[in-house]
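Visitor: Following is a predicted model, sequence given first.
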Amino acid sequence: MKLSKKINNILPSNTVVLGQKARELISLGKDIIQLGEGEPDFNTPDHIINAALDAMNKGKTKYTNVAGTQELRKVIKKYFEDEYQLSYQEDQIVVGNGGKQLIFNALLASIDPGEEVIIPSPYWVSYPQMVSFADGTPILVTCPSNNNFKITPKLLKNHINKKTIWLILNSPGNPTGSVYSEKELIDLAKVLRDYPYINVICDDIYSKIIYDNESFVTLAQVAPDLKDRVLTVNGLSKSYAMTGWRIGYAAGNRSLINAMIKLQGQSTTNASSISQAAAVAALSGSKKFLDDWIQKYHHRRNLTFDILNRNFPKFKIKPKGAFYHFINCDCFLGKIYNSEKKINDDIDFCKYLLEYFGVSVVPGSSFGCSGYFRLCYAKSETDLKKACERINKFVSLIK
Ligand code: GLU
């Protein structure tokens, strides 16, 4: 079958591919610890599941508005007001099948061929591929590890030109867990004010997963004059352990939101009516469970950090948000595992770790940063301890 140049020019998502591979191996009875795909091990809280059951029983099983049910958009509107003091009208909000689809739609609806999108690197695997698929040019800006992989105003300014139309910010970041402070966002906003033709996608999907008294702020909140140029994207997948329900939402400029709705109306129509009813319960209901989850993630972050940092000398910083460690493994590259296998790069490192020790992690090169690997610690303490022991054993056999 002939395929388009466009589809041939993009890469598959490595987080998704590796997640699938681990699931396949597990179904074949292999002893695999899955720390690759970023997904909470908790089940969706009961009150949210019950809301979905209730919706099904009440016949809420039909199409909804493409942009989302009125009920859900109302709740999202209130959520933005309560959490971030951001006021949007309901028609400035769209609900989609996960944050991922909304970012994709925003890029497809706004990029003309050759226009540029600035993506701080390391980045989440899908951003550059989405930009390329939308005929744009991803401009990958390497952000220094000594600035916790965050873009600085100077770096931003240096990569802007007449073709730049978007900047994508992701805080807390995947894969690094870095969190932009209020001051850092205010300083980036100062640069953006000089370029009124540049808009910003803020991917806030990990906004609730934050540690060490760090507080989460989003760009539209700290630079309200830029609100109409910012598309704030969030979703239920990570914070509410609802990855399979596929619910994301975005708020921003009305003409962009309308364009995204038009596109969605010609592709997937609405997000699942049942998941939307569950999302109403999630966003409007009690969030007490989150305190317990954050405490557990915090403990797991520290536990894995304490075990692994003895063997990875450059792994020195505990992330402030999300649920990933981004670990430098370059001291093992170019060396030999078990006197037989040369570890050429981070891809080999992750491959042998999976093949010989059954631990699935994602190579840093998938995030634009070779010499690292990403480990998701949103897993049980037992699995994490076992995985860390296996990783330590693996590296002890690299000479
Ligand atoms: N966002 C998660 C990750 O980075 C889930 C998989 C995906 O959609 O990329 O692992």
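Guide: Thanks, I have it.
Visitor: From the contact counts, what lies against the helix or strand harbouring Leu185?
Guide: Taking DSSP states H and E as the criterion, Leu185 maps to helix 182-193. When contacts are defined as 3 or more C-beta pairs under 8 Å, 6 or more residues apart in numbering; DSSP states H and E, helix 182-193 sits against helix 153-159, strand 164-170, helix 219-222. In short, each C-beta sits where N, CA and C put it, glycine included.
Visitor: Tell me which of those sits nearest to the ligand.
Guide: strand 164-170 (10.3 Å; C-beta to the nearest ligand atom).
Visitor: At the contact with the ligand, which residues of the stretch 1-150 of the chain appear?
Guide: Ser13, Thr15, Val16, Glu37, Gly38, Lys100, Trp124, Val125, Ser126 (C-beta under 6 Å from any ligand atom).
Visitor: One more pass at 8 Å, please.
Guide: By the rule C-beta under 8 Å from any ligand atom, the part of the stretch 1-150 of the chain lying against the ligand is 13, 15-16, 19, 36-39, 98, 100, 124-126.
Visitor: want to throw those residues into CSV with neighbour count, distance to Glu116 and secondary structure?
Guide: Below are those laid out as CSV (neighbours: other C-beta atoms under 10 Å; distance: C-beta to C-beta, whole Å; DSSP: H, G, I helix; E, B strand; the rest coil):
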residue, neighbour count, distance to Glu116, secondary structure
Ser13, 18, 22, coil
Thr15, 22, 24, helix
Val16, 14, 26, helix
Gly19, 19, 30, helix
Gly36, 28, 31, coil
Glu37, 21, 30, coil
Gly38, 23, 27, coil
Glu39, 18, 32, coil
Gly98, 23, 25, coil
Lys100, 21, 21, helix
Trp124, 23, 18, coil
Val125, 22, 19, coil
Ser126, 20, 17, helix
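Visitor: Just give me the least confident of those residues.
Guide: Here the lowest pLDDT out of those sits on Gly19, with 83.
Visitor: Assess the claim that that residue and Ile26 are in contact.
Guide: No: Gly19 lies out of contact with Ile26 (C-beta atoms under 8 Å); the separation is 10.7 Å.
Visitor: list residues touching both of the two?
Guide: Residues touching both Gly19 and Ile26 (C-beta atoms under 8 Å, 6 or more residues apart in numbering) are Gln34.
Visitor: burial count for Ala378?
Guide: As a burial measure, Ala378 scores 23 neighbours (other C-beta atoms under 10 Å).
Visitor: That one is in contact with Arg301, isn't it?
Guide: No: here Ala378 lies out of contact with Arg301, judged by C-beta under 8 Å, at a distance of 9.7 Å.
Visitor: any idea how far Lys60 is from the ligand?
Guide: Lys60 is 27 Å from the ligand, where distance means C-beta to the nearest ligand atom, to the nearest Å.
Visitor: Could you do Asp31 as well?
Guide: 21 Å.
Visitor: Report how many residues lie close to that residue.
Guide: Neighbourhood size, Asp31 [other C-beta under 10 Å]: 11.
Visitor: Quick check, it in contact with Gly358.
Guide: Yes: with contact defined as C-beta under 8 Å, Asp31 counts as touching Gly358 (5.0 Å).
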